[in-house]
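missing the sequence, but the structure's below:
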C-alpha cells in the first residue's frame, strides 16, 4: 500500500493528485429560516375563527413580531384526536397574560390508508410488503427521525430497539410517512436516508449494528459514562433538528434510550443507608448541568417545527425487585426496614424527566413494553394530527437589549376531559437570515445533513491515538462504493475520477474543531485500463486519513465525498471519545484493524512523516482484504488488531503484572472469553504508548450476525481501582463467504 503520489502495481497503475483547499467556516454552519411566509390562500383559510378538517399542505411553525404560531395536539381521554375545535375553543397565555387568538387550523398528519398488518394479510402472510410508490415532497405527511441511543444500551435493550423499529414499520407506518434512522455511535448517509418503502426500511433495520458498550447490568451507570450519554443525546438531537428544518410534513423526532432521565443529586434512602451501609451522597447533578442545554434545544425544535419524544427502551420493570436484585442483599433484612422501604419504593427516584419532550409537545414513555407494538399507542396518538394556533405577541416580546428571555406559553381548551400537548415557550430571538442556496457549499450541507445526501455509499472507521506533537490524532479509513461514481475517459486513452472530500471533527454542541478539505484527482493510466477499472469496481475506492485534534473530549468525526462529474454526494460519521491522557489511570486507544505490513508501519510511525503529504491518502492494496471501514468479515478471515496502552508502568509490564483479556459477544450473548494473560507489548513509542498486537481469527463457530470484541487491560496490583483497569470495544459483522 502506498499513501499519496504515484501508485504502481503489477496490474494497476494509478496516480493521485491531491489539492488542499481553504474551507470558509461559515459555510460549514449554514443557517436556515424556520419557514416561509404563508401564502395568501393559507392566510385566507386561517382568517377568523375557522377550523379546517381537510388535509392541507403543512404550515410552518413561525415566530415573528407580528405572529406566533404554535402546534397543539388535543386528544380525548381515550387518546383519540379531537378535530372539531375552533379558535374560540382555545385560550393562550404568554408569561401568564392572556393573548388574543388570530386563528386556528387543524392539519391531518396521516393518510386515510390503513397500514398493512399481519391480521389484514391472512392470505399473504409470508409475502413481503408491497413496494411503495416513489413519494414526492408535496405528498409527505409525516417526517420521522428515530434516534437509537445505542451508547446508553446493553445488548438486550439494543434488541428491543430493533424490535420497536420493525414493529413500527410493519404495524404503524402509513402512506405519506418518510422515515430515517440515526444512531448516537456511528453510521452513514445510506442508513439515514429518508425512506417511504416498508421493504427498504426493514432491510435498513436488519443492517443496523449497535455500538453497545454497557455490560449486562447497566443499572449502575458511572458518572463518566452518563456524561458521554447526555452529551451524545444533545449532539444527535441538535444534528437531527438541523436536518429537519427544511423537511416537509409533520416532523417528529423519537429518541429510543435507556437513559431518559437526568440524574439528580439526592440524599441516600433509609434502605441504602441502613441495609446497604451506603452513607455516601451527592455526586454530579446532571439535571442542573444539562437542563439549560435541553431547553435551548426545545427552542430550536420549535423553530424547526419538530416534536421530540423520549421512549425508555428498558421496558416494564418492577422497581423494588430490580433494586433488590441490584444490591443482592435480600437475606437477613429487618422486616421493619423492609416495610419502610416498600412504602418508599414508589417515590420519585433521584432523577428528573428530560425536559425536552414536555417543552416541545411530546411525551416520555417509561415503564412500558411499547416496543412490542412499535412506538406505543400514546406516541402514535400524538402524531396523527395537530392544530396550528396563531396569536399576535406583545410588542416587547423580542426587545431585550441582547438579554436572553424565555417566554412561557400555556394553552388551554374549553372542553372537559381533554389532553393537551404543545410547546411551553420560546426564546426572544427572531429568525436568522437565510443564505441563498447558490452560496452554500454542497459538501458543507452534506456533512451536517446526511439525510439529504445519500447518492454515494460512504463508510468510515475512525479512532484516536496519542501523538507526540499533535497531542491527539484521529486516524480513519474511508471506503467509497464505486458503483455510483462516474469514470470519465481521458484524451490519452486513460480514465479519471474527480472527487472532492471534506472531513472534520465537531464537538457535542456541533461546533467545528478541526477540519480539512481537499480535491482528489484519481487518474487511471491507459495501460491495462480495463483491469484497473475492474479492480476499482470490485474493491472500491479507499482512503486513509489523519486529523489532528487539539484537546480531549467527545467528538463526531464526519466526512463527505462528492463525485464532481455526477454531482453525487455521500457522507459518514462516527463518535470518538478521547480521554484526557494527562490524568492518572490506564487508558486504551481505539482498536484498529491492520490489513497489511504497510498499514502497520503507518500506524506505528509518527504523524509528522505523513503530515507533509496531506491528510487524505489514496489506498490501493494488491491483496484482497476487506476495508476496516466496512467492519464486515467472513469465517476464516484473520484480523490483526492493534491497540495502544497509555499511562502504563513499563516495569510492571516487564514483571508480567499487567494482563490482557478478550471477550467476544454475539447478538448480546457472550460467545467466548480468553484467560487473562500478561501482555507482550512493543516498547513505548514517542508518545509514551505501548502497542499491543493480537491476531484474531473469525472461526467457523461464528455464524453470520453482529459481534462485539472487548479488550480489558488490568494492572493486577491496582486492579480493583478505576485507574488500574482500561477497556475498549470494537463492533463488527460476520457474513457468509
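Perfect, thanks for sending it. What you are looking at is a predicted structure, and each value in this text was computed from that prediction instead of being measured. Numbering: from 1, shown residues only.

mind listing what the nearest residue to residue 591 once chain neighbours are set aside touches?
Among residues not flanking residue 591 along the chain, residue 730 sits closest, at 4.1 Å (Cβ to Cβ, 6 or more residues apart in numbering). Every C-beta, even on glycine, is put in place using the N, C-alpha and C of the backbone. Residue 730 is in contact with 590, 591, 593, 641, 708, 709, 711, counting by Cβ atoms under 8 Å, 6 or more residues apart in numbering.

surely the fourth one touches residue 595?
It stands for residue 641. No. The pair residue 641 / residue 595 is not scored as a contact, 11.0 Å apart, by Cβ atoms under 8 Å.

who has more neighbours, those two?
residue 595 (20 against 17; other Cβ atoms under 10 Å).

quick one: that one and residue 633 touch, right?
No. Residue 595 is beyond contact range of residue 633, at 11.1 Å (criterion: Cβ under 8 Å).

quick check: neighbours shared by the two?
By Cβ under 8 Å, 6+ apart, the residues touching both residue 595 and residue 633 are residue 626.

tell me the secondary structure for residue 358?
helix (DSSP: H, G, I helix; E, B strand; the rest coil).

how many neighbouring residues does it have?
A count of nearby residues for residue 358, using other Cβ under 10 Å, gives 17.

could you pull up the residues touching it?
By Cβ under 8 Å, 6+ apart, the contact set of residue 358 is 364, 424.

repeat that for 10 Å
Contacts for residue 358 (Cβ atoms under 10 Å, 6 or more residues apart in numbering) come out as 298, 308, 310, 364, 421, 423, 424.

sketch out the low-pLDDT regions of the stretch 151-300 of the chain for me.
Flagging of the stretch 151-300 of the chain using pLDDT under 70 yields the residue ranges 188-193, 211-222, 265-283.

hey, where'd the strands end up in it?
Ranges of strands in the stretch 151-300 of the chain, per DSSP state E, counting those that start in this stretch, are 177-183, 186-188, 250-257, 261-263.

report pLDDT for residue 610.
On pLDDT, residue 610 comes in at 50.

returning to that earlier point: got TSV for the strands of the stretch 151-300 of the chain, with mean neighbour count and distance to residue 736 too?
Formatted as TSV, the strands of the stretch 151-300 of the chain follow (neighbours: other Cβ atoms under 10 Å; distance: least, Cβ to Cβ, whole Å):
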stretch	mean neighbour count	distance to residue 736
strand 177-183	24	25
strand 186-188	23	22
strand 250-257	26	30
strand 261-263	20	42
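
mind checking which of the ones you listed is nearest residue 102?
strand 250-257 (21.4 Å; Cβ to Cβ).

chain center to the closest one, what's the gap?
Its chain's C-alpha centre and that of strand 250-257 lie 12 Å apart, by Cα atoms, centre = their mean, to the nearest Å.

partner strands of that strand, parallel or antiparallel?
Paired strands of strand 250-257, with direction, are strand 142-148 (parallel), strand 306-312 (parallel) (DSSP bridges).

quick check: which of these is nearest to residue 392?
strand 306-312 (23.9 Å).

check the offset of the closest one from the chain's centre.
In terms of Cα atoms, centre = their mean, the centre of strand 306-312 is set 14 Å apart from its chain centre.

pLDDT on it, on average?
Rounded mean pLDDT across strand 306-312 is 94.

strands along the stretch 351-500 of the chain, start to end?
351-353, 364-365, 385-391, 406-413, 418-422, 425-427, 458-467, 471-480, 488-489, 495-507.

quick revisit: kindly reformat the strands paired with strand 250-257 as CSV containing distance to residue 655.
Conversion of the strands paired with strand 250-257 to CSV gives the following (distance: least, Cβ to Cβ, whole Å):
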stretch, distance to residue 655
strand 142-148, 44
strand 306-312, 47
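
on that earlier part again, filter the contacts of residue 730 down to just the ones in strands.
593, 641, 708, 709, 711 (DSSP state E).

pretty sure residue 716 is touching residue 661, no?
No. Residue 716 lies out of contact with residue 661 (Cβ atoms under 10 Å); the separation is 11.7 Å.

between the two, what contacts are shared?
Residues within reach of residue 716 and of residue 661 at once, by Cβ under 10 Å, 6+ apart, are residue 676.

what's the local residue count around residue 98?
11.

so how far is the helix ranked longest in the chain from its chain's centroid?
Ranked by residue count and defined by DSSP state H, the top helix of the chain is helix 223-244. Here the centre of helix 223-244 is set off from its chain's centre by 8 Å, with Cα atoms, centre = their mean.

mind listing what's buried in it?
Judged by neighbour count using 16 or more other Cβ atoms under 10 Å, the buried positions of helix 223-244 are 225-244.

what angle sits between that helix and strand 306-312?
150 degrees (axes from the mean of the first three to the mean of the last three Cα atoms, to 10 degrees).

hmm, back to that, lowest-confidence entry in the contacts of residue 730?
pLDDT across these is lowest for residue 708, at 85.

state the distance from that residue to residue 643.
Distance of residue 708 to residue 643, computed by Cβ to Cβ, to the nearest Å: 15 Å.

likewise for residue 491?
For residue 491, the distance to residue 643 (Cβ to Cβ) stands at 48 Å.

neighbour count winner among the two?
More crowded of residue 491 and residue 643, by other Cβ under 10 Å: residue 643, with 24 against 5.

SS state for the more buried one?
Recorded secondary structure, residue 643: strand (three-state DSSP).

need the pLDDT of it.
So residue 643 comes in at 92 (pLDDT).

quick check: pLDDT value at residue 602.
On pLDDT, residue 602 comes in at 69.

residue 725 contacts residue 676, doesn't it?
No. The pair residue 725 and residue 676 fails to qualify as a contact (Cβ under 10 Å) at a distance of 11.6 Å.

so where's the stretch 301-450 of the chain shaky on pLDDT?
Using pLDDT under 70, the flagged stretches of the stretch 301-450 of the chain are 317-350, 400, 402, 431-440, 449-450.

quick one, what contacts residue 250?
Contacts of residue 250 by Cβ under 10 Å, 6+ apart are 58, 71, 107-110, 140-144, 176-177, 305-307, 382-386.

tell me the spacing between it and residue 386.
7 Å.

list residues touching both of those two?
58, 71, 107, 108, 109, 307.
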